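Trainee: I'd like to go over a predicted model; first the sequence, then the structure.
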Amino acid sequence: MHKKTSMTEGPIWKSLIYFAIPLPIGNLFQQLYNTVDSVVVGNYVGKEALAAVGSTAMIINMLVGFFMGLSTGASVVISQYFGAKDNKRLHDAVHTSIVMTVVLGIVMTIIGITLSPFLLRLMKTPEDVLPLSTLYLKIYFGGILGLMLYNMGSAILRAIGDSKKPLYFLIFSSIVNTALDLVFVVWFKMGVDGVAWATLIAQASSAFLVLYTLYKSKEAYRLIPKDLKLDMTMLKKMISIGLPAAFQQSITAFSNIFVQGYVNAFGSSVMAGWSSYAKIDTFVLLPMQSIALASTTFVGQNLGANQIERTKKGTKVSLGISIGVTVTLSVLLNLVGKYVLAIFTSDLEVIKYGLLFMKVFSPFYFVMCFTQIYAGALRGAG
């Protein structure tokens, strides 16, 4: 059995931090999937392979981001029913969300494999990188269902206040991914196909663990295979909340495909510098995104319990924590950026471009705190 946490009582800052602390660590390990892939191929295969793996992130973020937005809708609905102690609807919401994930996973696999070559050419991917990028994406999307089931299962656990179990599962699968990266690339001399297969296997393992946890639970949100079905009323409510978030994430990622296209036009050194910076940027954004997720669950549970004033105070506290942590990380990044980039490559030209991107974009982190926290609170309110 795993621990559920009600955020409708006790000190607000303590509820938010207690819930949020596992999230950046968990997201850190989730980001390690693609980052470790980049580090391994960058050091053992070459800068073309590093550029190939790094340039695929925009396409992955566009398609996966759409689903992640929809999963937010499921998380909000589940957190509200949990806060209201409506066990019947909580049960229906959990099972509807899992069925929705399986259906969307099949669709996403087909779309990802089919559209990847077109999107890579839309990004003006250089000919020396294109075959490697295409191969990586086809294998990645072949196993995308595992990633989606993990994320939906984790969204369910976070909605009822359990942010620790998803962290444990990610740590385990990240270790699996790292070990298999080294085995496939260093030992078996595979290239980007090796790191892609490692990611697929690791994602499948995390999906199994989170689904098994829900299956073994004794609470109202327990996963019962024979009860898996789509409740159309519940599905409509989830989509009405999640669809705007889905479009927001996918449209932002789609615009970044064109940005990646501009970068690709400058060649593999700039591509590698951009992809290395993008990985670092992701880690800097983790705390504010984690606090935003905590804010979503906090608002959902407290509105479900009809505690309006506590909801408002929680949003203000979330914003303050986010700004403090993010500004600190931004300053540190500018001090040690060169050494962090050196983890990905020893190529001085690649590091030069990575530092250039870092100096240009880091001042915008402060502004993003406001958009992330208030968006998270609004989603929690439905």
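Mentor: Sure thing, it's come through. Residues are numbered from 1 along each chain as shown.

Trainee: pull out the buried residues from the helix or strand where residue 93 lies.
Mentor: Remark: residue 93 resides in helix 87-122, with elements defined by DSSP states H and E. Residues of helix 87-122 classed as buried: 89-98, 100-101, 104-105, 108-109, 112-113, 115-116, 119-120 (neighbour count, 16 or more other Cβ atoms under 10 Å). Yep, even glycine has a C-beta here, placed from its N, CA and C like the rest.

Trainee: other SSEs contacting the helix or strand just after it?
Mentor: Scanning forward in sequence from helix 87-122 by DSSP H and E, the next helix or strand is helix 130-142. Helices and strands touching helix 130-142, by 3 or more Cβ pairs under 8 Å, 6 or more residues apart in numbering; DSSP states H and E, are helix 47-55, helix 57-84, helix 87-122, helix 192-216.

Trainee: could you give the angle of the second one to helix 87-122?
Mentor: With axes from the mean of the first three to the mean of the last three Cα atoms, to 10 degrees as the basis, helix 57-84 and helix 87-122 are set at 170 degrees to each other.

Trainee: does anything pack onto helix 57-84? Which helices or strands?
Mentor: With 3+ Cβ pairs under 8 Å, 6+ apart as the test, helix 57-84 has helix 87-122, helix 130-142, helix 144-159, helix 232-264, helix 268-304, helix 365-380 packed against it.

Trainee: okay, now the closest residue to residue 294 other than its chain neighbours: neighbour count?
Mentor: Leaving aside its sequence neighbours, residue 294 sits nearest to residue 20 (Cβ to Cβ, 6 or more residues apart in numbering; 4.0 Å). Other residues near residue 20 come to 25 when the count uses other Cβ atoms under 10 Å.

Trainee: could you do residue 206 as well?
Mentor: 29.

Trainee: for it, give me its contacts.
Mentor: By Cβ atoms under 8 Å, 6 or more residues apart in numbering, residue 206 lies in contact with 146, 150, 169-170, 172-173.

Trainee: identify the residue nearest it in space, chain neighbours excluded?
Mentor: Counting by Cβ to Cβ, 6+ apart, the residue nearest residue 206 is residue 173, at 3.8 Å.

Trainee: now do the SS call for the one you found.
Mentor: Using DSSP: H, G, I helix; E, B strand; the rest coil, the structure places residue 173 in helix.

Trainee: how close does it sit to residue 359?
Mentor: 34 Å (Cβ to Cβ, to the nearest Å).

Trainee: compare the two and say which one has the larger neighbour count.
Mentor: For residue 173 versus residue 359, the count of surrounding residues by other Cβ under 10 Å is larger for residue 173: 28 against 12.

Trainee: hmm, back to that, surely the residue nearest to residue 206 is in contact with residue 199?
Mentor: No - using Cβ atoms under 8 Å, residue 173 makes no contact with residue 199, being 9.4 Å away.

Trainee: least confident secondary structure element in the chain?
Mentor: Every helix and strand of the chain was ranked by mean pLDDT, DSSP states H and E. The lowest is helix 22-44, at a mean of 70.

Trainee: need the pLDDT of the closest residue to residue 155 other than its chain neighbours.
Mentor: Sequence neighbours aside, residue 75 is the residue nearest to residue 155 in space, at 4.1 Å (criterion: Cβ to Cβ, 6+ apart). Residue 75 is assigned 84 on the pLDDT scale.

Trainee: please apply the same query to residue 235.
Mentor: At residue 235, the model reports a pLDDT of 91.

Trainee: list the contacts for the residue nearest to it when sequence neighbours are not counted?
Mentor: Nearest non-adjacent residue to residue 235, counting by Cβ to Cβ, 6+ apart: residue 96, 5.4 Å away. Residues in contact with residue 96 (Cβ under 8 Å, 6+ apart) are 74, 229-231, 234-235, 238.
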